[in-house]
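A.B. asks: Below is the sequence, then the predicted model.
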Amino acid sequence: QSVLTQPPSVSGAPGQRVTISCTGSSSNIGAPYDVHWYQQVPGTVPKLLIFDNNNRPSGVPDRFSGSKSGTSASLAITGLQAEDEADYYCQSYDSSLSGSIFGGGTKLTVL
Amino acid sequence: QVQLEQSGADVKQPGASVKLSCEASGYTFSNFGISWVRQAPGQGLEWMGWIGIYNGQTKYSHKVQGRVTLTADTSTSTAYMELRSLRSDDTAVYYCARVIPAAIGRFDPWGQGTLVTVSS
């Protein structure tokens, strides 16, 4: 099991809002190390979606937003579109492991 | 633009070693570290290790430590990952990614990935 815990799956209808949680501990998210989010469409390379908790790289729509509080972080997607259907991963650093860590991933299904 | 170009797919027998390459372009190679991440079929992302190009410092995941070695050649802007004593559960797509900043940061961009199949 992953050090960062994500729900295995979430779903929503087009136009709706969904959130994906990422729960860690005092040695990673709560340390506090930054949380980053990646989107991976099946069969493609992971793509940076949110960095440093709540920043979007150039080109990422503002429908995607991130937040962090204590030992948890969340990714929110508003105005769901069919193209958002993908796997989403959170990532941070863990001081006890002295290395980067990923969540187990969340599969987003657009109904 | 910043790019990471990885070596091609490989098939290895159990017990063998594999050495993958990751050639960087579009930025000053020594200014950033490189991490390696793998993804087994149908599974999530697993961080394997990080190398600081400037000073050669390395960090490895506990799961693969002892079997993996990360190196870099600044003259060719290429990072390498060698994995030894291969097992069937090492079958995965292996990605390299630039890490910003230092060892604790985000991965951007990623290489295209290299499929390594371990099979007899």
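C.D. replies: Arrived safely, thanks for sending.
A.B. asks: Now the residue in chain A sticking out farthest from the centre: closest residue in space, sequence neighbours ignored.
C.D. replies: The C-alpha centroid of chain A is most remote from residue A:96, which lies 21.6 Å away (Cα atoms, centre = their mean). Distances taken as Cβ to Cβ, 6 or more residues apart in numbering or on different chains put residue A:27 closest to residue A:96, at 4.2 Å, once the chain neighbours are dropped. C-beta here means a position set from N, CA and C on the backbone, and glycine is covered the same way.
A.B. asks: what do you get for residue B:45?
C.D. replies: residue A:102 (4.5 Å).
A.B. asks: Look at that neighbour and give its secondary structure.
C.D. replies: Assigned with DSSP: H, G, I helix; E, B strand; the rest coil, residue A:102 falls in the strand class.
A.B. asks: how about the residues of chain A that lie near chain B?
C.D. replies: Within chain A, the positions adjacent to chain B are A:2, A:33-34, A:36, A:38, A:40, A:45-48, A:51-52, A:57, A:87, A:89, A:91, A:93, A:97-105 by Cβ under 8 Å from any Cβ of the partner chain.
A.B. asks: Residues in a beta bridge with residue B:39, which ones?
C.D. replies: residue B:93 (DSSP bridges).
A.B. asks: nope, residue B:82 is what I meant
C.D. replies: So, taking DSSP bridges as the rule, residue B:82 has residue B:19, residue B:69 as bridge partners.
A.B. asks: what sits against it?
C.D. replies: Contacts for residue B:82 (Cβ atoms under 8 Å, 6 or more residues apart in numbering or on different chains) come out as B:17, B:18, B:19, B:20, B:68, B:69, B:71.
A.B. asks: Could you look up the next helix or strand downstream of the helix or strand harbouring residue B:36?
C.D. replies: Under the criterion of DSSP states H and E, residue B:36 resides in strand B:33-39. For strand B:33-39, the following helix or strand on the C-terminal side (DSSP H and E) is strand B:46-51.
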